[in-house]
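Novice: Following is a predicted model, sequence given first.
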Amino acid sequence: MRWIVLIVDDHPLVGQAFELSIRAAYPHLDVGRVTSAAEAEQYARLYGSRVKLVMLDLLLPDADGFSALLRLQQLLPDSAVAIVSSRADSHSISMARAFGVQGYLPKAAPVETLVNGVGALLRGEELFPADAPADAAVIDFHKRVARLSAAQLRVLRALSDGKLNKEIAGEMNLTEGTVKQHVSAILKKLEVNNRSQAVLAAAPFMRTS
């Protein structure tokens, strides 16, 4: 079986350059490339058993904060995930590290560095700047939010946007009763008492801005 490195990046030129470089450096691997979180989920469902490594851009048009990462971790529990992002601040890096990614690579790095990083990640190495330790509180929150289903993650994102149950029901084509059930499940899994506490707890992780 040929392993796959999956690139998730909405900038076509960047993604294409990265894809061609990985193909040239690792001819024994297949390379997949998608441009959105939705496409990444679809790809994971089709080829998940072969995906060895995901190179994920945090700033995707159809994802908020770490929502794409959380969903891919659910769909690809045996795959390594590394962030490749234009954001290189210590807060984003430490958050990603606490969320269980294997590496964090800045897009500004030379292509050769990124390609060499793929090899290191495939060997099981971790790639992080030395000044970005994982935060224990974030690690704890990741354990709780990882319990949410895909639908519950979508509802949590909507709650974080300040939407009411009626609005969420309309957007997700659900009944308000089903939305209420999702909200109750979210509160229980996040170990909070009300939706305001859920929004406050999730806010740092649902936004990258």
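Specialist: That came through fine. Keep in mind the model is a prediction, meaning the values are calculated, not measured.
Novice: buried sites along stretch 140-157?
Specialist: Residues F141, H142, R144, V145, L148, Q152, L153, R154, V155, L156, R157 are the ones in stretch 140-157 that count as buried (16 or more other Cβ atoms under 10 Å). Where you see a C-beta, it was placed from the backbone N, CA and C, and this is true even at glycine.
Novice: per-residue confidence at T208?
Specialist: Here the pLDDT value assigned to T208 is 51.
Novice: cool, and V192?
Specialist: Predicted confidence (pLDDT) for V192: 92.
Novice: which stretch of helix or strand covers it?
Specialist: Applying DSSP states H and E as the criterion places V192 outside every helix and strand.
Novice: Kindly report the same for A151.
Specialist: Taking DSSP H and E as the definition, A151 sits inside helix 150-160.
Novice: what about the most far-flung residue of the chain relative to its centre, which SS state?
Specialist: Distance to the chain centre peaks in the chain at G177, reaching 28.8 Å (criterion: Cα atoms, centre = their mean). Three-state call for G177 (DSSP: H, G, I helix; E, B strand; the rest coil): helix.
Novice: same question, the one 10 residues further on
Specialist: Secondary structure assignment for L187 (three-state DSSP): helix.
Novice: What residues are bridge-paired with G32?
Specialist: Beta-bridge partners for G32, by DSSP bridges, are L6.
Novice: That one contacts I7, correct?
Specialist: Yes: using Cβ atoms under 8 Å, G32 is in contact with I7, at 6.9 Å.
Novice: Comparing those two, which residue is more hemmed in?
Specialist: Comparing G32 with I7 by other Cβ atoms under 10 Å, the one with more neighbours is I7, at 23 against 19.
Novice: what pLDDT does the closest residue to that one other than its chain neighbours get?
Specialist: Leaving aside its chain neighbours, I7 sits nearest to R33 (4.5 Å; criterion: Cβ to Cβ, 6 or more residues apart in numbering). Looking at R33, its pLDDT stands at 97.
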